[in-house]
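>>> what follows is a predicted structure for the sequence shown.
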Amino acid sequence: MLGHPMGNPTRGQDPAIQTRGLSRSFGSFVAVNQLSLTVAPGTFLGFLGANGAGKSTTIKMLTGLLRPSAGQAQVLGHDLASDGVAAKQQVGVVPEELALHDRLKGSEYLTFVGRMYGMQRDVLQTRRGELLDWMDLAGEPERLIVDYSHGMKKKLALAGALIHDPRVLFLDEPFEGIDVIASRQIRGLLQTLLGRGVTIFLTSHVLEVVEKLCTHIAIIHRGELVAHDSLEALSAGVLVQGADGETRPRTLEEIFLGLVQAETSETQTLSWLGNDE
Amino acid sequence: MRAAAAIAWIQFRMLVNSMTRQGTGWRAFGGILLFALAAVLSLGLALGLGVLCLAARQKGDDDLLQIAFLAAFWIASVFGLLMPLLLSSGGCGLDVSSLRLYPLSRAKLFWIRLGASFVSGDHGFYYPGLLAVFVLGVVPAGRGVGLGALFCALLVVVIVTWSQALANGLQGIMRKRRTREVMGLVGLLCLFAVIFAPALLGTLYDDAPRTEPHTATLNLQTLSWLTQFSAPSLAAHGLAAARGGDQAQVLGALLGMLGWAVGGAAAAYLVFVRVVLGDPESSRAGKASRVKSSSSAFDITRILPFLPVEVLAVASKELRYLLRSLVGRFNLIMIVVFSALMALLITPQIPNLPLGIPVGVLGLYGMVAYTTLFSNAFIFNSLAWEGAGFQVYLVSSASPRRVILGKNLGIWIYVATLVLLSLLGWVILTGFPGARVILNSLLLGACVNVPFVMVGNFASFSFPVARSVSSLKSNPARTAVLISMGTLLAVAVPCVAALVVPLALNLPFLQPVCLLVLLAATLGLYFFSLRFAVQAFEGQTEKISAALEGAP
């Protein structure tokens, strides 16, 4: 494994996320194998991996959507198996499937989610209004979620994850399938949250975004953690030669491809597309 | 042709997959048992009609044979029209609207959909009955066999085309989020019930003089005059004419049947193009702008402030879904029709039962008990519409106990609305039956519904099936259906006892007391069962998530 675990949370302060030997199998297939990870509070962690590497399975285990086959997971010092309710109270989640009840209106959904976290009526009302403003939905209170665009749904799911002011935020592919405007808006919000000390655990295939936003990177490959460190630490040490002949640190994409030993061929083509030569 | 063959293959694969992916154990057993039950009913009907035909032929009784034809054709028509309406969203498992992606014309899509309906279970149910009367009633006569086959085939075409038009048309109306169309339909159905129920009653109680004002609205002769032009009657009369060699009557019946078939095809095509192939994006956007705010109507937190906020959140969400769903709205319409029919059918002419039980009151109790069953699909598959939203229950800090309580509270409020609507209909049509009877009815409704919801929790968590809010198809898993039948039998015994025993003892005032005791017992059992329901819920979350993942 490259790098080192970040097991240095501040004294007296629990790690935001901590797993020990976390594993999950589906029949004979091991999706996540012995994952041990410690994330300090206030970290923006990019959790990367190829399709089927075990990213979503890990997020699901850390948010109570999936029970681990083995191992332990803690969020802010609360064990998810024995003290799940206390952990969930401080966690916001945007799962890959977005977890929206699409026959509700946006405001109804936010009310529903807020109440599910036991929020006070007046606080809920204020935050709901602000979130609807942020989503540019204040003028359209009558639309059902089913009528929203994909970007609006993503933003609403994020609003639902934020309404109870969580200290840890899990985001599974928040930038997938959304336009530049929504993406920029979400990025801005995440940076604000990070500034407030919220820990963000993000999975994404958009490595450019991860590179811009995340302070730390963890890479999972075939269910096992193969790297976990700050972005600077991961890219330091090895320099590569760019197209202009200058030497530069490796990009996240190069680090990622190197670690997962991707076997791709850019020259491979399809028989019916012919040969240009 | 290649496209049609590809679609036939997909339908076949979907059928095979649905049969082979029933799972193991109880799920597979339930599927097989329910299929066997349907097959027995279908074949039993065919057998009964066949025996009737044989008896008529042995006696040489042409009138009896004619009754057999009429019975077969009317049963086929009623089932053929209602089954797609009640069980599925139009008769075939394949979502034809998704086939618009491919280079297929609208007409071709329509014919594919129609072709699929002919071989669907909704219509296959009555084929053995039709075959029985044809083979045992028409073929042995040796005359008019070809015409008989033609009449039977035309009748099937009429039934399938009109059922398509009806099912899709009703869906089109119900999908509209405005209530105007729905209320219009409620009014139309009420009018139909009020006009035709007395005439239908006349066929059942022909000798009994009916004195109520509503019975005078339309007499049996008018209805008979109208029904002779219906497709089943035309087919039956056409067959009789063919056997008798009356060419003019045969031609008239044939033209009439052709008219019904062409009309049905045209109606089915127009509705199909408008409702099924209609541009969903533009219509969605159009509908969206028309939605009226209903937040306050569903906000029960102010009405029940003493309950935990998470319970109220889930209950409010459940109510919103129920009243925005096609089936939930359909039930609101059907309950009006049902209560009108029940009120009109329970006549004072029927002598009271032993123990002096007034039949009218018994009918009211039966209606209330049956009304609670209108929500069976929601009770025994309570997570059907959750989709990905189910994950909110898992990631939020709300305890599963509160989630379950909230879901149950939502369904109870909905069922209470149905019961009150049906009672209102009854009272309007037959007069106020007395405070004790009303109290008994309400208690009975609760006594039936509480154990249903209790068992429904376990069935819902063990056999979840994803359903679409905008589809009439809402049936739970087959095993859950069987469980609901067993629950009905188990619930019926104490409920009937609570109503009948006080009468047998000549202490009718004890009826509400007995029902209250029963309700207290069922509520106690319900709260006792909650901890096990929570265990079932927590133990099945992954299975439920997987089952709901494909929810549209």
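That came through, no problem.

>>> thought residue B:438 was touching residue B:423?
Yes - counting by C-beta atoms under 8 Å, residue B:438 touches residue B:423, with 6.8 Å between them. C-beta coordinates here come from the backbone N, C-alpha and C atoms, glycine included.

>>> more crowded one of those two?
For residue B:438 versus residue B:423, neighbours defined as other C-beta atoms under 10 Å in any protein chain shown are more numerous around residue B:423 (21 against 16).

>>> point to the helix or strand of chain B where mean pLDDT is at its lowest.
Ranked by mean pLDDT, DSSP states H and E, the weakest helix or strand in chain B is helix B:280-290, scoring a mean of 40.

>>> all strands for chain B, in order.
With DSSP state E as the criterion, chain B has no strands.

>>> let me see the domain layout of it.
The record assigns chain B these domain ranges, following automatic domain parsing: B:2-11+B:37-279, B:307-549.

>>> per-residue confidence averaged over stretch A:217-233?
Stretch A:217-233 carries an average pLDDT of 90.

>>> could you list the buried residues of that stretch?
A:217-221, A:223-229, A:231 (16 or more other C-beta atoms under 10 Å in any protein chain shown).

>>> now do the helices in the stretch 151-277 of chain A.
Applying DSSP state H, counting those that start in this stretch to the stretch 151-277 of chain A gives helices spanning A:180-195, A:207-213, A:231-235, A:252-260.

>>> tell me what the shortest one is packed against?
Contact partners of helix A:231-235 among helices and strands, from 3 or more C-beta pairs under 8 Å, 6 or more residues apart in numbering or on different chains; DSSP states H and E: strand A:2-3, strand A:216-221, helix A:252-260.

>>> hey, which of these is tucked in deepest?
strand A:216-221 (a mean of 24; mean count of other C-beta atoms under 10 Å in any protein chain shown).

>>> give me the distance from that strand to the chain's centre.
Between the centre of strand A:216-221 and the centre of its chain there are 11 Å (C-alpha atoms, centre = their mean, to the nearest Å).

>>> ok, residues contacting it?
Contacts to strand A:216-221, defined as C-beta atoms under 8 Å, 6 or more residues apart in numbering or on different chains, come from residues A:6, A:32, A:35, A:37, A:39, A:43-50, A:53-55, A:58, A:210, A:225-231, A:234, A:252, A:255-256, A:259-261.

>>> avg pLDDT for whichever strand or helix holds residue A:129?
If you go by DSSP states H and E, residue A:129 is part of helix A:121-134. The average of the pLDDT scores along helix A:121-134 is 90.

>>> distance from that helix to the middle of the chain?
Mean-position distance between helix A:121-134 and its chain equals 24 Å (C-alpha atoms, centre = their mean).

>>> what's it in contact with?
A:106-107, A:110-111, A:114-115, A:119, A:138, A:141, A:155, A:159, A:162-163, A:165, A:185, A:189, B:301.

>>> residue A:211 reaches residue A:235, doesn't it?
No - contact criterion C-beta under 8 Å: residue A:211 and residue A:235 do not qualify, at 9.2 Å.

>>> low-confidence stretches in the chain?
Looking at chain A here, since you left the chain open. Low-confidence segments of chain A (pLDDT under 70): A:1-12, A:140-142, A:237-245, A:247-248, A:261-268, A:274-277.

>>> actually chain B
B:1-31, B:34, B:84-104, B:173-226, B:278-302, B:344-359, B:472, B:550-552.

>>> let's see it at 50
Scanning chain B with the threshold set as pLDDT under 50 gives B:88-92, B:200-220, B:279-295, B:349, B:551-552.

>>> from the centre of it, point out the most distant residue.
residue B:245 (41.3 Å; C-alpha atoms, centre = their mean).

>>> list, one by one, the residues from the stretch 51-200 of chain A near chain B.
A:63-67, A:85-86, A:88-89, A:91, A:93, A:95, A:97-105, A:107-108, A:111-113, A:115-119, A:121, A:141-144, A:146-147, A:160 (C-beta under 8 Å from any C-beta of the partner chain).
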